[in-house]
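Asker: Mind folding the following:
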Amino acid sequence: MKLVTALLLAIGSLGAVGTLSVFDRQWTVPVETDWQVDREDGAEVLHLVNARDALPGPRRPIQFALTEIPDYDKLIVEADVKPLGKSLMIVFAYHDPAHFDYAHLSVDTGENVPVHNGIFHVYGGERVRISNAQGPPAFSQNNRWFHAKLTHDAKTGAVDVVVDGKPVLALRAVDASLGPGKVGLGSFDETAAFKNVKITTQR
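Answerer: Residues are numbered from 1 along each chain as shown. Sure, this is the predicted structure:
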């Protein structure tokens, strides 16, 4: 609990915590001025416009928008995503700043950059890769739109990510320690854009 409190205070010290309304949902962001909601071809677009590195201490991401969802047995997150740098993230099973999982989608392979293009687990310390590092990257290039679909089974802990209809070997893992939790969109230390976000749950 002390660690979580310290992390919350540290995140709060970055700037004004804010709330955004987009994709028919409310999203909490750590620094409101780092985010922007626009429209593109009639669709709402959530832009992460300012990159921030991780906080001092155990290395884990902080720069993502979070939304509440009901408890679930199965979660599906679908979105059109655009990496403006090399990568972006979809957070799932989020409980607090020290306990969550995330899918890191990148133009890098996990073999070349072990902290990119994988499923990562945060449980009170440094983020840890829990997926295979082998296989092609999630993205063929940056600065273009891709369609990503993340599926999380809260009972078995299985998570799987498909990009443009193709499974990504490095984005499959199992973590039964967290169960269901909040969903987030963002990046570790780069910028990104998201549109056509759809979150569905099943019991």
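Asker: which of the residues in stretch 171-189 are buried?
Answerer: The neighbour-count check on stretch 171-189 (16 or more other Cβ atoms under 10 Å) flags 171-173, 175, 178, 180-188 as buried. For every residue, glycine as well, the C-beta is placed using N, CA and C.
Asker: Show me where the protein dips below the pLDDT cut-off.
Answerer: 1-15 (pLDDT under 70).
Asker: Please give the element, helix or strand, for the residue nearest the centre of the chain.
Answerer: Nearest to the geometric centre of the chain sits I90, at 2.3 Å (Cα atoms, centre = their mean). The secondary structure element spanning I90 is strand 87-96 (assigned by DSSP states H and E).
Asker: Please apply the same query to R144.
Answerer: Short version, using DSSP H and E: R144 is in no helix or strand.
Asker: List the contacts of it.
Answerer: With contact set as Cβ atoms under 8 Å, 6 or more residues apart in numbering, R144 has these partners: K82.
Asker: Centre of the chain to stretch 195-203, how far?
Answerer: In terms of Cα atoms, centre = their mean, to the nearest Å, the gap separating the centre of stretch 195-203 from the centre of its chain is 14 Å.
Asker: Stretch 22-40 now?
Answerer: When distances are taken as Cα atoms, centre = their mean, stretch 22-40 is centred 14 Å away from the chain's centroid.
Asker: okay, how far is it across that stretch, tip to tip?
Answerer: Between the opening and closing residues of stretch 22-40 lies a distance of 13 Å (Cα to Cα, to the nearest Å).
Asker: next one: stretch 56-66
Answerer: Looking at stretch 56-66, the gap from its leading to its trailing residue is 21 Å under the measure Cα to Cα.
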